[in-house]
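Asker: A structural model of the following input is requested.
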Amino acid sequence: PDALPPLGAMVEVPAAALGVRALLAEADFLAIGTNDLAQYVLATDRNLGALSALYDPRHPALLRLIAGIAIAARRANKPLSVCGEIAGDPMAVPLLLALGIRELSMAPTRLAQARAAIEATHCAQLRALVPRLLRAGSRGEMEALLCTLGNR
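Answerer: The predicted structure follows:
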C-alpha cells in the first residue's frame with residue numbers, strides 16, 4: 001500500500017501551545033501560526049481599531065510560548081516551522097534562529113529583510129543569550145539585549 005503522507009499540526013491557540021507534547025505524540029511535524037497565536041495570547045486583534053495597538057508579535061510572553069514549543073519539538077525530534085509576521089520580522093528572526101527554528105514562512109515582501117537578518121545573525125552568541133532574552137520583562141529589554149550582539 002501507498003505510504004501515508006506526513007501529518008502535521010498547526011499551533012495557533014494557547015491550548016495547543018501548552019499541550020504541545022500531546023500534539024507531538026501524534027504529529028510528524030508542527031507549524032506555529034504566530035498571527036493567530038499572538039491574537040489569542042494577547043487577547044487582542046491586529047485588525048481591530050484601538051485594540052490593534054496592543055497586538056505585538058514580539059511580546060515576551062508570546063516568545064516564551066514559542067520557545068517552549070521549539071524545545072518540545074527538538075526533544076521529540078520533530079520538524080518545526082514558524083509562519084506569520086514574526087517569521088519575516090528582522091528583529092525577531094535572530095531569536096527564532098537562536099531557539100533552533102530553521103523553517104520560516106513569510107510574505108514574499110519580507111524575504112529580503114529576513115535574509116539580511118539571517119546573514120547578520122551569530123547563532124552561537126545568541127544561544128548563550130537565550131535564557132536572558134526569555135526572562136526579559138518587556139519587548140524593549142529584549143531588543144536591547146539583541147542589539148548588544150549587533151543583531152537588529
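
Asker: give the contact list for the residue nearest the centre of the chain.
Answerer: By Cα atoms, centre = their mean, the chain has its centre lying nearest to Ile66, at 4.9 Å. Shown in contact with Ile66 (Cβ atoms under 8 Å, 6 or more residues apart in numbering): Ala17, Ile32, Thr34, Leu37, Val82, Ile86, Leu96, Leu99, Ile101. To be clear about C-beta, it is placed using only N, CA and C from the backbone, and glycine gets the same treatment.

Asker: Could you confirm the fifth one falls within a strand?
Answerer: Okay, so that is Val82. Yes. Under DSSP: H, G, I helix; E, B strand; the rest coil, Val82 sits within a strand.

Asker: you'd agree it is up against Ala31?
Answerer: Yes. The pair Val82 / Ala31 is scored as a contact, 7.3 Å apart, by Cβ atoms under 8 Å.

Asker: Secondary structure element holding the residue nearest to the centre of the chain?
Answerer: helix 60-75 (DSSP states H and E).

Asker: Quick check: pLDDT value at the residue nearest to the centre of the chain.
Answerer: With respect to pLDDT, Ile66 scores 96.

Asker: Next: Leu48.
Answerer: 68.

Asker: Restrict the helix holding Ile66 to CA atoms and write it as CSV.
Answerer: Provided in CSV are the C-alpha atoms of helix 60-75 (Å, rounded to 0.1, in the frame of the first residue of the first chain):
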residue,chain,number,x,y,z
PRO,A,60,7.9,38.4,25.7
ALA,A,61,5.0,36.2,26.7
LEU,A,62,4.4,35.1,23.1
LEU,A,63,8.2,34.5,22.6
ARG,A,64,8.4,32.4,25.7
LEU,A,65,5.5,30.2,24.4
ILE,A,66,7.3,29.8,21.1
ALA,A,67,10.5,28.8,22.9
GLY,A,68,8.6,26.1,24.8
ILE,A,69,7.2,24.7,21.6
ALA,A,70,10.6,24.8,20.0
ILE,A,71,12.2,23.0,22.9
ALA,A,72,9.4,20.3,22.9
ALA,A,73,9.7,19.8,19.1
ARG,A,74,13.5,19.5,19.4
ARG,A,75,13.2,16.9,22.2
